[in-house]
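Participant: Structure, please.
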Amino acid sequence: MPTYSLFDLQEYIRRVLALNFSGTLWVTAEVAQVSPSRGHLFVELVQKGPEADSPLVAQVSAVLWQRDYQRLRLALGNVLDELLADGREVRLEVRVDYHERYGLKLVITDADPAFTFGRLELQRRQTIETLREQGLLGKNRALPLPRVLQQIAVISSEGAAGFQDFREQLTQNAFGYAFQCRFFSSAVQGDRLESEMLAALDAVAMQAGRFDVVVILRGGGARLDLAGFDSPALCQRAANLPIPLFTGIGHDMDETVLDLVAWSALKTPTAVADFLVQHNLFFENEILRLAGQTRDTALGRLKRNALELAQLETTTHWAVQTQLRQASQQLATLETALPNLLRQRLLRANTQLDQAEALCAALHPDAVLRRGFSITRQAGKVVTGVEDVRAGDVLETQLKDGTLVSEIRGKS
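Facilitator: Got it, this is the predicted structure:
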């Protein structure tokens, strides 16, 4: 068995690779890390297993030299920087390079944006379909929006220009509305976006009763950086928020999956601030409209009541005049009839007195005695029957012309 020096072995491997990979070839991989240095880009490429949590099955270092980087920037523009970012699945044209001292390295000569964008769109569609099956696409949009929005939970990067624009737009609104914003820090691009955004959403959900809405702000950037807002876990968490969610990620043409699950998706952070102000303005206008309606209704009611009172006053006045006139007529009639009535009453009274006097005279004891009757008394009491006296009693008998005194000897 022959023995090789390390250099000879490495040189042999280099010649074998150079013989079998003399030109360029296309490879697909995931970008694990990008490190710029002196105009060059050093890239770690990896490949994982078929499952989401599978370990790495392959790894290699690659480099994009400054000259090729400048050439591709002229050809692809900012898309190149969007492609060569952590976590991207890419299709790269490479040249296999092997050095006896530095080992295997892939030299990047070209990139295929269509591959990356196509894979992202496929993942995006799969996420949308999953959310639709779970009934989450319209869940947050079904939440009622408070009539006034003042307590705002803001999720953004503290240094993001979009957040500053949002805050200035709110604090300097032309109507003087006051807003209380609670800031929750999170990355809005890069590989930390998902984990930090999930943590911020959880923190908001735990204090949901303190907020009217939650807004996620970004404010412009590269197109591929939006892929983080298509994360299934992030969109599921956002859809299950107990308060309305607004997004202002900052792209006029692109729509993320997070935009689809939000209560409302606005193009920029400034647009979100404008919506909050306009929403409160609509409420104020509604209050003013109702106040105007109440005032008009009250004035109309007062006017109708005044008319009714005037009519009642007129009716009462004429009714009183009529009653007074009728009473005056009745008094005049009574004044005329009263003397005749009085005379008739006195005549009837005189007649009744005469009749009573005649009756009394007819019933007087003297009249009875004159008719031949007598009155017998015993001790001053009138005797009405034989049982009122006993033998030996002295009786007085009054006649028309005198009184007889007698003694009882017996009775039968």
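
Participant: Now Asp230. Nearest residue, chain neighbours left out?
Facilitator: Residue nearest to Asp230 in three dimensions, not counting chain neighbours: Val257, with 4.4 Å by C-beta to C-beta, 6 or more residues apart in numbering. For glycine as for every other residue, the C-beta is placed from the backbone atoms N, C-alpha and C.

Participant: Could you give the number of residues near that neighbour?
Facilitator: Using other C-beta atoms under 10 Å, the number of residues around Val257 comes to 25.

Participant: Between the two ends of stretch 104-124, how far is it?
Facilitator: In stretch 104-124, first residue to last residue: 35 Å (C-alpha to C-alpha, to the nearest Å).

Participant: buried stuff in stretch 130-142?
Facilitator: Neighbour-count burial for stretch 130-142 flags 131, 136-137, 139-140 (criterion: 16 or more other C-beta atoms under 10 Å).

Participant: what about it, distance to the chain center?
Facilitator: Stretch 130-142 sits 22 Å away from the centroid of its parent chain (C-alpha atoms, centre = their mean, to the nearest Å).

Participant: Identify all contacting residues around it.
Facilitator: For stretch 130-142, contacts defined as C-beta atoms under 8 Å, 6 or more residues apart in numbering pick out 128, 232, 235-236, 238-241, 244-245, 257, 260-264.

Participant: which one of those residues sits closest to Leu145?
Facilitator: In terms of C-beta to C-beta, no member of these lies closer to Leu145 than Pro244, at 5.5 Å.

Participant: For the nearest residue to that closest one once chain neighbours are set aside, give me its contacts.
Facilitator: The shortest distance from Pro244 to any non-neighbouring residue, by C-beta to C-beta, 6+ apart, is to Trp263 (3.7 Å). Trp263 sits next to 140-141, 143, 145, 213, 244-246 when contact means C-beta under 8 Å, 6+ apart.

Participant: where's Trp263 relative to Lys139, distance?
Facilitator: 10 Å (C-beta to C-beta, to the nearest Å).

Participant: hang on, the earlier thing: check the residue nearest to Pro244 and give its pLDDT.
Facilitator: Trp263 is assigned a predicted lDDT (pLDDT) of 94.

Participant: Report the mean confidence score over the strand or helix carrying Asn285.
Facilitator: Per DSSP states H and E: Asn285 is located in helix 269-362. For helix 269-362, mean pLDDT rounds to 89.

Participant: wait, Val34 sits on Ser61?
Facilitator: No. Between Val34 and Ser61 there is no contact under C-beta atoms under 8 Å: 11.5 Å.

Participant: And stretch 370-385, end to end?
Facilitator: End residues of stretch 370-385 are separated by 22 Å (C-alpha to C-alpha).

Participant: Could you list the low-pLDDT ranges of the stretch 51-200 of the chain?
Facilitator: Within the stretch 51-200 of the chain, the stretches with pLDDT under 70 are 52-53, 118, 122.

Participant: mind redoing it with 50?
Facilitator: Judged by pLDDT under 50, the stretch 51-200 of the chain has no weakly predicted residues.

Participant: Just the helices from it, written as ranges.
Facilitator: 66-76, 79-83, 113-133, 161-171, 193-206 (DSSP state H, counting those that start in this stretch).

Participant: how about these in JSON lines, adding distance to Val96?
Facilitator: JSON lines is the format used below for the helices of the stretch 51-200 of the chain (distance: least, C-beta to C-beta, whole Å):
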{"stretch": "helix 66-76", "distance to Val96": "15"}
{"stretch": "helix 79-83", "distance to Val96": "21"}
{"stretch": "helix 113-133", "distance to Val96": "20"}
{"stretch": "helix 161-171", "distance to Val96": "42"}
{"stretch": "helix 193-206", "distance to Val96": "33"}
